[in-house]
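Peer 1: Have a look at this prediction, sequence included:
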Amino acid sequence: MPSDRVLRARPVEAPFALVQTQANAERLFCLNPRAEAEGLHRGMALADARIYCPALLTAPAEPGHDGRFLAALRRWATRYCPWVGIDGADGLVLDVTGATHLHGGEAMMLADMRARAARAGLALRLGLADSRGGAWALARFGEGVAPAGDPLAALGPLPVAALRLEPEVVTALQRLGLRTIGDLAASPRPPLTRRFGPALLARLDQALGAMPEPVTPTAEPPHYGIRLSLPEPIGLTEDVMAGTERLLERLCARLLAQETGARVLELSLRRVDGGAARVELRLASPMREAGRILPLFRRGVEAAEAGFGIDQLRLEAVVVEDLPVQQLGGPVAARGAAPEGPALDDLVTRIGTRIGLENIRRLLPADSHIPERAFLVAPAAFSAPATGGWPSPRP
């Protein structure tokens with residue numbers, strides 16, 4: 001999957017691999033079929049791979065991007081059934097019970113999955129069985145469909161590694177002559193339990209459906225978007241601000257429930273002619289108080305073009321950050337003192353809406369014994385990390 005993700009954007013007709021640094025050495029992380037056909041494999045040193053295949057093209061691996069791409073694939077897979085979970089770093093598990101008839105049966109559903117993925121530049125390995133362990137084994141070691149009620153007919157010829165066992169256990173079973181799942185299923189259970197423990201037979205029972213293994217769907221991330229449809233178009237600034245206030249109250253309640261704060265807000269004003277005006281608000285710090293945020297929208301709303309009227313408002317928190325509940329209290333600031341906390345954030349945000357947050361800078365302390373380097377210049381919206389203090393200045 002990681003190599004397919006990269007090649008979707010930049011296709012190449014040559015051996016290709018993603019490279020990751022492991023133990024101070026660059027090793028192959030994910031390969032395309034052309035690279036595998038040259039005899040290369042995952043975990044191989046890049047220097048050795050260059051010797052076997054001088055035409056190999058490489059790119060750095062990005063596990064973070066791979067995780068986000070897999071999450072997007074999970075959302076796509078919900079078109080086939082509602083119970084979709086992530087399995088490992090490159091797999092999805094679906095509980096299609098009661099949903100296959102909606103796609104013309106099991107065979108047509110798998111064919112549709114493969115065709116849609118191929119159009120998107122992805123190669124799928126599909127396995128379908130009565131149990132999660134059986135589907136996992138077929139997808140990775142023998143692509144196909146296990147007959148209903150008789151999974152051993154399809155799983156029997158597969159190697160014991162298809163049972164999701166540790167490499168040491170797989171090696172020990174092979175030394176005993178138990179190389180396939182069929183061999184393991186036909187062996188007496190008490191000796192296997194005494195030697196390998198109950199985990200081995202538990203994996204076998206999960207694959208054959210004798211031990212239940214439910215599919216836990218991945219929870220959907222919270223969505224911070226609120227919409228308000230109007231029965232009649234509006235165009236006055238005060239009317240738009242009143243509608244924005246209603247949206248802000250609902251959005252801030254959702255942010256409070258998730259213990260997050262909005263850093264970037266976008267207000268979309270849809271006109272009756274089909275066009276839309278967008279007002280973006282960038283905040284100096286995470287906020288979720290409707291009373292503090294609402295006045296900051298006025299400048300953008302006044303500048304928005306209403307046309308023949310606005311019939312829909314949509315407010316979305318585009319960027320959110322963690323904002324846990326904190327204990328209120330402490331000494332009251334002296335009259336005339338410099339603004340601190342929320343007051344300073346509001347001031348920076350108000351100025352930032354006019355000249356841009358990136359143009360407002362302040363001095364921050366830095367760890368240095370040289371007085372000239374005991375500070376650094378950072379954007380006013382910059383906040384110190386939770387641990388570690390401020391970064392050191394550049395030499």
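Peer 2: Structure's in. What do you need? Numbers count the residues shown, from 1 in each chain.
Peer 1: Quick one: find the helix or strand in the chain with the lowest mean pLDDT.
Peer 2: Counting by mean pLDDT, DSSP states H and E, the weakest-scoring helix or strand in the chain turns out to be helix 342-355, with a mean of 76.
Peer 1: and it, how far from the chain's centre?
Peer 2: Distance of helix 342-355 from its chain centroid, counting by C-alpha atoms, centre = their mean, to the nearest Å, is 32 Å.
Peer 1: helix or strand right after it?
Peer 2: Per DSSP states H and E, the first helix or strand lying C-terminal to helix 342-355 is strand 361-365.
Peer 1: Can you point out the buried residues in the helix or strand following that following strand?
Peer 2: Following strand 361-365 in sequence order, the next helix or strand is strand 375-379 (DSSP H and E). Across strand 375-379, burial judged by 16 or more other C-beta atoms under 10 Å covers Leu376, Ala378, Pro379. C-beta here means a position set from N, CA and C on the backbone, and glycine is covered the same way.
Peer 1: what secondary structure does the most centrally placed residue in the chain sit in?
Peer 2: With distances taken as C-alpha atoms, centre = their mean, Arg68 lies nearest the centre of the chain, 3.3 Å away. What DSSP: H, G, I helix; E, B strand; the rest coil gives for Arg68 is helix.
Peer 1: for Met211, same thing?
Peer 2: Following three-state DSSP, Met211 is assigned to coil.
Peer 1: just the buried residues of strand 375-379 now: which is nearest Arg254?
Peer 2: Pro379 (27.6 Å; C-beta to C-beta).
Peer 1: do you know how far that closest one is from Ile360?
Peer 2: For Pro379, the distance to Ile360 (C-beta to C-beta, to the nearest Å) stands at 7 Å.
Peer 1: ok, residues contacting the longest helix seen in the chain?
Peer 2: The residue-count maximum for a helix in the chain (DSSP state H) belongs to helix 237-257. Identification of contacts with helix 237-257 by C-beta atoms under 8 Å, 6 or more residues apart in numbering yields 222, 224, 226-228, 230, 234, 261-262, 267, 269, 288-290, 293-294, 297-298, 301-302, 304, 306, 310, 313-315, 317, 320, 323.
Peer 1: So which of the residues you listed belong to helices?
Peer 2: Ala290, Ile293, Arg298, Val301, Glu302.
Peer 1: Can you report how many residues lie near the first one?
Peer 2: By that I understand Ala290. 18 (other C-beta atoms under 10 Å).
Peer 1: How about Glu232?
Peer 2: 7.
Peer 1: try Val348
Peer 2: By other C-beta under 10 Å, 20 other residues sit near Val348.
Peer 1: One more: Arg298?
Peer 2: Neighbours of Arg298 under the rule other C-beta under 10 Å: 16.
Peer 1: what's the spacing between it and Arg132?
Peer 2: Here Arg298 is placed at a distance of 54 Å from Arg132 (C-beta to C-beta).
Peer 1: same question, Gly274
Peer 2: Distance, Gly274 to Arg132, by C-beta to C-beta: 47 Å.
Peer 1: Pro222 too?
Peer 2: Counting by C-beta to C-beta, the gap from Pro222 to Arg132 is 27 Å.
Peer 1: got it, and Glu220?
Peer 2: Separation of Glu220 from Arg132 (C-beta to C-beta) stands at 21 Å.
Peer 1: picking that back up, the more surrounded of Pro222 and Arg132?
Peer 2: Legend: neighbour count by other C-beta under 10 Å for Pro222 and Arg132, higher for Arg132 (20 against 12).
Peer 1: ok, that one touching Val93?
Peer 2: Yes - in this structure, Arg132 is within contact of Val93 by C-beta atoms under 8 Å, at 6.0 Å.
Peer 1: joint contacts of the two?
Peer 2: Joint contacts of Arg132 and Val93 (C-beta under 8 Å, 6+ apart) are Val215.
Peer 1: which residues in the stretch 1-150 of the chain form helices?
Peer 2: 2-9, 33-37, 46-52, 63-77, 106-119, 132-141 (DSSP state H, counting those that start in this stretch).
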